[in-house]
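Peer 1: Sequence first, then the predicted structure:
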Amino acid sequence: MSAYSAWRVLPNANDISHLTAANINRHTPLKAGVLALRGYVADYPQRGEFSIDFPLQCIERDGDEKTRIPVQGRVWISIPPSVKVEVGDAIQVSGELRPLAKATNPGQRENRWRFVLAGCWSELRVKKPDGVRKLQAAPRYLIARKIAVVRNAILNHYQNAFQSRSTPYPRATAQLLTAMTFGEGGLAEPLPTQLRDDFRVAGMSHILVASGTQISYLLLLLLGFSKLVSLRRGGLLLFVLPILFFYAALAGGAPSIWRATIGGIFIAWAVLAGRDIDGLSLLSLALIVLAILDPLQLLSLSFQLSFAAAWGLIAFAPTLRIWAQRVLGKSILTDFVAFSAGAQAGVLPIALYHFGRVSLAGIGANLLGVPLAGVLVATGIAGLVFPLAALNGFLTNGIVNVAVFMARLPGAQIEQPPVGLLLIMMIYSVYLAAIFMAATRPSGDDESTPESILPALREEVQRSWQRRKTQFSGWPKVVVAAFLIFTIWVGFQYWNAQNQLLRVTMLDVGQGESTLIRSPQNRTVLIDGGSDSDGRRSNVGQSVIVPYLQTRGVKKLDVMVITHADADHCNGLLNVVREIPVGLVLDGATGNDPSATEYLELKREILKRKIPLIPARAGQKINLGEATLSVLAPILPLQKGDNNNAAVLRLDQGKFSVMFTADIEKETEERLVRRGANLKCTILKVAHHGSQTSSTPLFLKASRPQAAIISCGRYNRFGHPTTGVLQRLSQQKINTFRTDLDGAIEITSDGEKSWIQTTR
């Protein structure tokens with residue numbers, strides 16, 4: 001088992017992902033390896049709006065035109081959505097082989113484990129349809145292929161049934177029914193984005209994913225039918241187990257499915273043996289079995305959410321039921337509310353940790369939607385044999401209407417920055433305390449109130465404390481007290497020291513630039529915010545910059561600097577302006593380029609919000625408390641070209657300084673040197689992402705930095721940073737840090753010393 005776990009945690013010595021390591025060199029531009037790979041589609045393709053994703057079991061790659069080299073391992077493949085492939089197909093793909101991306105910004109969650117769980121340690125993106133060629137249809141993974149055929153037949157069966165009754169949108173209704181009955185994973189076409197968003201906001205996404213809920217209802221049906229036909233002992237197991245295993249495979253075999261399947265097996269065994277059934281014990285047993293079979297499943301989000309929801313339903317919902325009955329009285333509605341709230345409460349801390357989202361509509365939506373979904377699982381399966389199209393159509397549309405209605409309610413969802421592990425532990429501690437309080441209520445007092453429980457709880461705590469006091473007599477008391485005081489003092493000193501430092505954080509925004517300055521007096525400056533990388537062109541503000549500012553508790557930006565009008569420096573700032581108050585905008589753009597649409601839209605938004613907008617000019621200074629931000633350029637008269645008129649800034653704190661050079665080129669660098677500007681600095685932000693047009697030997701000699709930082713996209717199409725710039729930095733023995741290799745770069749300083757920390 002330990003050997004298996006080690007194989008899952010680390011790639012094999014001959015894994016194809018090791019080819020990517022040869023392409024990573026700090027002193028050369030980062031280039032992706034272009035390969036032609038042959039292999040088999042190793043799992044059901046995940047069909048999205050913009051790509052089809054799946055693991056490829058590799059067998060060989062092209063060395064040159066005449067040779068093919070055998071390879072091992074799996075690669076995560078993304079291909080255009082117009083290409084049709086199925087599990088088991090033998091295919092050839094051509095594209096850029098890259099290592100799996102890691103978290104690149106402070107506070108960002110690691111998401112590469114979903115690929116590792118699929119056995120992939122590298123990824124390959126195919127940009128054009130002709131980069132995929134099918135070699136043979138389904139020579140491997142025949143069982144998975146047969147299951148896919150069955151799922152497609154089920155979908156067609158539902159569609160034909162709805163068409164025969166002239167049901168509106170028969171294809172869409174059949175897709176939804178299939179997703180709710182067998183899970184969304186195996187659909188040939190993805191559900192509409194708007195519909196999935198409505199289910200998410202309403203807290204009902206779990207209905208679209210095959211989970212323990214479906215297994216539970218299926219097991220109840222099977223046990224009920226077994227009792228009806230008097231199946232006992234061996235006949236019961238022979239009837240129930242094959243159906244459960246077949247359904248689990250048909251539903252995609254997610255962790256939640258296997259958890260519920262394992263639980264169902266033990267329930268059937270308990271019924272056969274005449275034993276009592278304890279839900280928490282079954283849940284614990286399923287957790288232990290799955291963790292032993294594959295320890296990495298503990299890192300899976302679906303695994304965490306599945307067990308958290310089951311725990312909330314089994315362990316916490318009965319406690320909520322006790323409290324609800326004292327307030328609302330005993331009724332079926334009270335029980336429904338308690339168990340719906342219990343499941344939602346179980347997943348709440350995990351959702352806050354990963355997403356920062358809370359669905360306030362979830363309790364009410366699940367109160368209506370879950371019972372309907374439970375009935376739909378039964379009627380959906382029965383509809384494969386009996387003519388239940390009218391009922392299934394009614395139930396499917398009913399669940400959709402509940403989700404859409406709840407998602408449209410004001411305040412249906414609250415979004416905030418993802419929280420840390422400490423708060424998650426505190427929330428679960430509150431849950432356990434509530435369970436303990438309910439468990440210690442006076443026996444036989446069904447009408448007791450929360451007030452009557454507190455004295456009993458207080459007495460129990462006092463008795464426990466008296467027992468513990470005898471263990472800490474004499475000198476142990478002094479030791480414990482001294483240790484606590486020392487721990488509090490160290491924590492306070494660390495917190496105080498961290499808040500007295502100047503922080504400069506260059507975010508990883510791909511092929512673009514964005515830097516946050518935060519002074520010890522908590523004054524903040526955001527310099528630029530844009531990207532030209534694939535997938536980040538228009539949403540870098542929403543996906544990277546704003547979340548980072550939220551997680552760092554930035555409530556207001558004192559100054560926002562637009563160094564120039566290029567999109568890769570400003571297209572993300574529109575989201576920032578709309579989300580966070582800004583005190584002042586320092587504008588280094590000349591405003592003469594009508595094609596700079598992103599900049600012009602940003603400027604209109606700034607003027608609309610009546611934010612002071614001041615042109616950047618050499619000689620300006622901004623007081624940040626212990627630090628000062630000075631403007632060294634643009635210098636009048638302006639030059640030709642937006643890059644050479646960009647705002648050049650210098651940050652000073654005591655003996656520490658940082659130079660921000662935007663995208664200036666050789667002409668402006670020489671102009672600054674000739675004017676005798678104070679260019680000597682501790683840290684140099686290399687101009688123009690390391691382009692050959694900048695960072696001349698003359699400028700580097702004048703600035704004499706101890707370290708240089710470069711913002712550039714991973715495998716960007718410009719070849720930044722260029723070999724020439726990297727060589728010039730190396731020749732002058734300047735330590736170089738790059739966002740494409742190091743992720744976000746954070747510099748801290750006390751005015752005397754400085755420290756650089758990278759995310760990767």
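Peer 2: Perfect, thanks for sending it.

Peer 1: Could I get the full set of strands for the stretch 251-400 of the chain?
Peer 2: 357-359 (DSSP state E, counting those that start in this stretch).

Peer 1: got it, and the stretch 601-750 of the chain?
Peer 2: 613-615, 621-623, 628-633, 648-653, 656-660, 683-685, 707-710, 735-738, 745-749.

Peer 1: quick one: which of these is nearest residue 44?
Peer 2: Among these, the nearest to residue 44 by CB to CB is strand 735-738 (37.4 Å). Where you see a C-beta, it was placed from the backbone N, CA and C, and this is true even at glycine.

Peer 1: Show me what that closest one packs onto, helices and strands only.
Peer 2: On a contact count with 3 or more CB pairs under 8 Å, 6 or more residues apart in numbering; DSSP states H and E, strand 735-738 meets strand 707-710, helix 723-731.

Peer 1: Would you pull up how far the shortest one lies from the middle of the chain?
Peer 2: This means strand 707-710. Put simply, strand 707-710 sits 28 Å off its chain's centre (CA atoms, centre = their mean, to the nearest Å).

Peer 1: now for that strand, which elements pack on it?
Peer 2: strand 683-685, strand 735-738.

Peer 1: For the first one, what does the pLDDT average out to?
Peer 2: Confidence over strand 683-685, taken as the mean pLDDT, stands at 95.

Peer 1: so what does that strand touch, helix or strand wise?
Peer 2: Packing partners of strand 683-685 (3+ CB pairs under 8 Å, 6+ apart): strand 656-660, strand 707-710.

Peer 1: ok, and what's touching that strand?
Peer 2: Contact partners of strand 683-685, identified using CB atoms under 8 Å, 6 or more residues apart in numbering, comprise 504, 506, 515, 657-661, 700, 703, 705-711, 734, 747, 754, 756.

Peer 1: Next, the buried residues of stretch 603-618.
Peer 2: Residues of stretch 603-618 classed as buried: 603, 606, 611, 616, 618 (neighbour count, 16 or more other CB atoms under 10 Å).

Peer 1: okay if I get the residues you listed as JSON lines plus distance to residue 202 and pLDDT?
Peer 2: JSON lines is the format used below for the buried residues of stretch 603-618 (distance: CB to CB, whole Å; pLDDT from 0 to 100):
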{"residue": "603", "distance to residue 202": "38", "pLDDT": "92"}
{"residue": "606", "distance to residue 202": "36", "pLDDT": "93"}
{"residue": "611", "distance to residue 202": "36", "pLDDT": "93"}
{"residue": "616", "distance to residue 202": "47", "pLDDT": "92"}
{"residue": "618", "distance to residue 202": "55", "pLDDT": "90"}
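
Peer 1: What about these, which are in helices?
Peer 2: Judged by DSSP state H, helices contain the following of the buried residues of stretch 603-618: 603, 606.

Peer 1: Now residue 55: which helix or strand?
Peer 2: Using DSSP states H and E, residue 55 maps to strand 52-62.

Peer 1: hang on, the earlier thing: using ChimeraX, define a selection of the buried residues within the contacts of strand 683-685.
Peer 2: Command for ChimeraX that selects the buried part of those, burial taken from 16+ other CB under 10 Å:
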select :504,506,515,657,658,659,660,661,700,703,705,707,708,709,710,711,734,747,754,756
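
Peer 1: quick one: pLDDT of residue 262?
Peer 2: 74.

Peer 1: wait, doesn't it sit right on residue 289?
Peer 2: Yes: with contact defined as CB atoms under 8 Å, residue 262 and residue 289 form a contacting pair (5.6 Å).

Peer 1: which intervals of the stretch 451-600 of the chain have sub-threshold pLDDT?
Peer 2: Across the stretch 451-600 of the chain, the ranges flagged by pLDDT under 70 are 451-499, 534-538, 591-593.

Peer 1: Kindly apply the preceding question to the stretch 151-300 of the chain instead.
Peer 2: The stretch 151-300 of the chain contains residues with pLDDT under 70 at 166-167, 184-190, 209-214, 216-217, 220, 233-234, 252-256, 259-260, 271-279.

Peer 1: in it, which spans are helices?
Peer 2: All helices of the stretch 151-300 of the chain, identified by DSSP state H, counting those that start in this stretch, fall at 170-182, 193-201, 212-228, 233-250, 255-273, 279-293.

Peer 1: Nearest to residue 642, out of these?
Peer 2: Ranking the helices of the stretch 151-300 of the chain by proximity to residue 642 (CB to CB) places helix 193-201 first, at 36.4 Å.

Peer 1: Distance from the chain centre to the helix or strand harbouring residue 35, please.
Peer 2: Element membership for residue 35, per DSSP H and E: strand 33-41. Put simply, strand 33-41 sits 27 Å off its chain's centre (CA atoms, centre = their mean).

Peer 1: by how many degrees do that strand and strand 52-62 diverge?
Peer 2: Here strand 33-41 points in a direction 110 degrees away from that of strand 52-62 (axes from the mean of the first three to the mean of the last three CA atoms, to 10 degrees).

Peer 1: just to revisit the earlier point, would you turn the helices and strands packed on strand 683-685 into CSV with mean pLDDT and distance to residue 244?
Peer 2: CSV is the format used below for those (pLDDT from 0 to 100; distance: least, CB to CB, whole Å):
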stretch, mean pLDDT, distance to residue 244
strand 656-660, 95, 62
strand 707-710, 94, 56
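
Peer 1: re earlier: show residues contacting the strand holding residue 55.
Peer 2: The contact list for strand 52-62 (CB under 8 Å, 6+ apart) reads 16, 35-46, 68-81, 83, 85, 87, 91, 93, 115, 118-120, 124, 140.
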